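> Please work out how this folds:
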Amino acid sequence: MKSFIVMKSSTQAMKAHQVVKGMKINAVYVKKTDKDGCHFGLETDYDADRLCRILSLHGIECLKIIRTGGKG
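Take a look at the predicted model:
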């Protein structure tokens, strides 16, 4: 299932992308805009809960996980 992991800032999302890229985890840096404003984060098919635990070990906080569904 595809998920969008929301980060605190664009900088945090870019750092997170570098971490997952180094671990060969498929994730894309994304900026999304909705009625609440702009959100920066990662879109991935990887287990989002597990990915957030990995990122927390690198000092990167996941604010929330939005399950977007679909396979790709």
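
> give me the beta-bridge partners of the residue nearest the centre of the chain?
Centroid-nearest residue in the chain, with C-alpha atoms, centre = their mean: Leu42, separated by 2.7 Å. For Leu42, the beta-bridge partners under DSSP bridges are Ile5, Tyr29.

> Does it touch Tyr29 like I think?
Yes: using C-beta atoms under 8 Å, Leu42 is in contact with Tyr29, at 6.4 Å. C-betas here are computed from N, CA, C, even on glycine.

> mean confidence for the host helix or strand of Lys64?
Taking DSSP states H and E as the criterion, the element that holds Lys64 is strand 62-67. Per-region confidence: strand 62-67 scores 95 on mean pLDDT.

> Pull the residues that contact that strand.
1-8, 41, 48-49, 51-52, 55-56 (C-beta atoms under 8 Å, 6 or more residues apart in numbering).

> of the residues you listed, buried ones?
Buried subset of the contacts of strand 62-67 (neighbour count, 16 or more other C-beta atoms under 10 Å): 3-7, 41, 48, 51-52, 55.

> Can you name the two of the residues you listed that sit furthest apart?
Phe4 and Leu55 (14.0 Å; C-beta to C-beta).

> Val20 in helix, strand or coil?
Look at Val20: counting by DSSP: H, G, I helix; E, B strand; the rest coil, its state is helix.

> what touches both of Leu42 and Tyr29?
Common neighbours of Leu42 and Tyr29 (C-beta under 8 Å, 6+ apart) are 13, 17.

> Extract the residue ranges of this structure that are flagged as low pLDDT.
70-72 (pLDDT under 70).

> What is the helix or strand encompassing Lys32 packed up against?
In this structure, Lys32 sits in strand 27-34 according to DSSP H and E. With contacts taken as 3 or more C-beta pairs under 8 Å, 6 or more residues apart in numbering; DSSP states H and E, strand 27-34 sits against helix 10-22, strand 37-44.
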